[in-house]
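Asks: could you look at this predicted model? Sequence included:
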Amino acid sequence: MSYAILAESVGKSFTLHHLRNRPNDSLRDALAGSLSHLSRSLLRRTRGNQQDETEEFWALKDIFFQIRPGERIGLLGRNGAGKSTLLKILSRTLEPSTGRIRIRGRIASLLEVGTGFHPELTGRENIYFNGAMLGMSKAEIGRKFDEIVDFAEVEQFLDTPVKHYSSGMYVRLGFAVAAHIDPEILIVDEVLAVGDARFQKKSIGKMHQIGQEGRTLLFVSHNMNSIMQLTQRALVLEHGKIVCDSATGDAVTRYLSVDATEDGVRPLKPRVDWLSDVHFRWLREETDPGFNNPLNFRLGFATERRISRLVFTIGFVNTVGARVLTCKANLDDIESGQHSLGLGITDHHLIPGTYFVQLDLWDSAEELFSYENICTVDLFAASTDDRLIQHISRRRGDKLGCYAPITLQTLPASESHQHD
Ligand SMILES: Nc1ncnc2c1ncn2[C@@H]1O[C@H](COP(=O)(O)OP(=O)(O)OP(=O)(O)O)[C@@H](O)[C@H]1O
């Protein structure tokens with residue numbers, strides 16, 4: 001079968017050095033410590049000499065996949081899962097330690113802000129410099145030049161060295177060059193998140209167009225809506241391994257459920273050191289099956305400080321990654337100590353189905369705690385009407401969200417034909 005990208009048994013290991021008796025030992029150890037925590041199972045510890053220690057860390061292991069020409073693929077994974085390492089190997093900026101990559105077609109990649117740019121050169125010079133690196137001739141770049149400048153919206157700064165550009169400008173220019181060299185394969189990492197919302201929308205539109213033209217697209221994002229919009233198939237990476245390769249909807253569900261536990265009972269790490277012992281749980285046993293029945297949660301935490309105004313939000317994300325409902329409450333003057341609160345949500349209007357719950361805690365304007373998939377909530381249909389609503393909503397786009405009843409009025413015959 002023909003392919004655009006073929007990965008065969010690709011692995012990448014890094015050697016981590018833990019240098020003893022050095023002034024910055026503790027920082028190195030701290031970094032290495034967090035890495036080994038991330039992927040203990042992939043680590044093999046070897047001893048160098050008495051003082052230095054090295055660890056072999058496998059950031060990617062046994063990666064096999066095939067991408068056909070014209071496919072639009074999403075790559076999902078938590079921080080440190082190995083996405084950037086894989087993209088760097090695909091775009092040949094990193095050599096794999098095992099296996100091989102085969103690529104057919106001109107490839108353009110946008111991996112990090114500013115890659116492929118020379119800081120001392122102007123925007124104009126960098127378009128030629130970057131275009132040449134991506135395999136375009138001077139004449140080709142000349143033909144595309146105006147389109148690139150126009151798309152990047154940097155006309156005013158064209159003769160300014162790019163070292164004076166903001167990160168948003170870098171990304172705009174980088175994306176514009178990569179997207180206009182007519183790549184057969186376009187690889188884009190999260191960088192777009194740096195641009196403003198309008199540019200993100202514009203670049204998603206451009207990638208969509210590139211996909212429509214039958215080019216191959218590989219796209220990494222933590223934004224499930226963009227992944228859903230742009231790709232048909234997605235790979236999920238966990239600790240350097242592909243754990244799911246399927247239709248995007250299924251892959252997003254798999255990715256979102258990675259962290260969600262059934263009951264959500266576990267200690268969670270807050271963003272401030274004076275808050276601890278955060279526990280959150282959906283009281284499944286207190287929820288009656290059926291549409292719009294109240295949902296109850298329990299939140300526990302310990303605070304060493306008085307909290308003047310605690311703001312909670314509970315968000316509900318459907319199985320394709322869209323946040324469909326946000327609920328909020330506040331509580332004033334919480335004294336230091338251990339606390340346990342019951343949080344009830346009535347009239348949520350959620351269609352029966354599975355939702356991933358996000359919890360955020362703020363003290364006025366300071367973020368105290370944020371957790372994406374703290375638990376899952378499964379709401380069951382209890383009546384024929386519930387099942388009908390669920391069925392219709394699934395058929396119309398396989399999404400779940402909220403449902404609200406319509407108030408019906410019977411209008412006199414003459415009024416029902418009037419136009420506004
Ligand atoms: N040069 C390197 N030396 C040592 N370890 C590395 C190196 N590059 C990456 N790693 C480690 O490999 C693992 C995978 O990193 P990678 O950047 O590919 O993850 P990611 O999925 O892209 O994460 P993020 O979403 O945070 O960008 C991480 O634990 C990272 O610390």
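Replies: Cool, got the structure. From a predicted model like this one, the values you see are computed outputs, not experimental measurements.
Asks: the ligand contacts on the stretch 101-250 of the chain?
Replies: Residues of the stretch 101-250 of the chain found near the ligand (CB under 6 Å from any ligand atom): none. For every residue, glycine as well, the C-beta is placed using N, CA and C.
Asks: can you list the domains in the chain?
Replies: Per automatic domain parsing, the domain ranges recorded for the chain read 70-257, 275-395.
Asks: now mean neighbour count and mean pLDDT too, for those, in a markdown table please.
Replies: As requested, the domains of the chain are arranged in a markdown table below (neighbours: other CB atoms under 10 Å; pLDDT from 0 to 100):
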| stretch | mean neighbour count | mean pLDDT |
| --- | --- | --- |
| domain 70-257 | 19 | 86 |
| domain 275-395 | 16 | 86 |
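Asks: buried ones in stretch 400-416?
Replies: Burial within stretch 400-416, assessed by neighbour count using 16 or more other CB atoms under 10 Å, is assigned to L400, G401, Y403.
Asks: on that earlier part again, okay if I get the domains of the chain as CSV plus distance to F57?
Replies: Output for those, formatted as CSV (distance: least, CB to CB, whole Å):
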stretch, distance to F57
domain 70-257, 9
domain 275-395, 25
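Asks: between these, which gets nearest to W58?
Replies: Using CB to CB as the measure, domain 70-257 is the one of the domains of the chain that comes nearest W58, at 5.7 Å.
Asks: how much space between T160 and the ligand?
Replies: For T160, the distance to the ligand equals 29 Å [CB to the nearest ligand atom, to the nearest Å].
Asks: the nearest residue to that residue once chain neighbours are set aside pairs with what?
Replies: Among residues not flanking T160 along the chain, T122 sits closest, at 6.0 Å (CB to CB, 6 or more residues apart in numbering). Taking DSSP bridges, one finds P161 as the beta-bridge partners of T122.
Asks: so T122 touches V162, yeah?
Replies: Yes. T122 is in contact with V162 according to CB atoms under 8 Å; the separation is 7.0 Å.
Asks: which parts of the stretch 151-300 of the chain are strands?
Replies: Under the criterion DSSP state E, counting those that start in this stretch, the stretch 151-300 of the chain carries strands at the ranges 185-188, 216-220, 233-238, 241-247, 275-282, 295-303.
Asks: now find how far off-centre the fifth one is within its chain.
Replies: So the one you mean is strand 275-282. 24 Å (CA atoms, centre = their mean, to the nearest Å).
Asks: the third one now?
Replies: The offset between the C-alpha centroid of strand 233-238 and the centroid of the whole chain comes to 11 Å, using CA atoms, centre = their mean.
Asks: what does the last one give?
Replies: Here strand 295-303 shows a centroid-to-chain-centroid distance of 27 Å under the convention CA atoms, centre = their mean.
Asks: which elements pack onto that strand?
Replies: For strand 295-303, the contact count by 3 or more CB pairs under 8 Å, 6 or more residues apart in numbering; DSSP states H and E identifies strand 275-282, strand 337-345 as packing neighbours.
Asks: pick out the residue in the stretch 201-350 of the chain sitting closest to the ligand.
Replies: Closest residue of the stretch 201-350 of the chain to the ligand, CB to the nearest ligand atom: L237 (6.5 Å).
Asks: what's opposite that residue in the beta bridge?
Replies: Bridge pairing for L237 (DSSP bridges) gives the partners G77, I242.
Asks: same check, this time on Q66
Replies: In this entry, Q66 is beta-bridged to L6, by DSSP bridges.
Asks: could you check the pLDDT of it?
Replies: Each residue has a pLDDT score; the one for Q66 is 95.
Asks: residues contacting it?
Replies: M1, Y3, I5, L6, A7 (CB atoms under 8 Å, 6 or more residues apart in numbering).
Asks: drop anything exposed from the residues you listed.
Replies: Buried, going by 16+ other CB under 10 Å: Y3, I5, L6, A7, out of the contacts of Q66.
Asks: OK, now which residue of the stretch 301-420 of the chain is nearest to the ligand?
Replies: Taking CB to the nearest ligand atom, the stretch 301-420 of the chain has E372 as its residue nearest the ligand, at 13.1 Å.
Asks: could you look up the SS state of that residue?
Replies: strand (DSSP: H, G, I helix; E, B strand; the rest coil).
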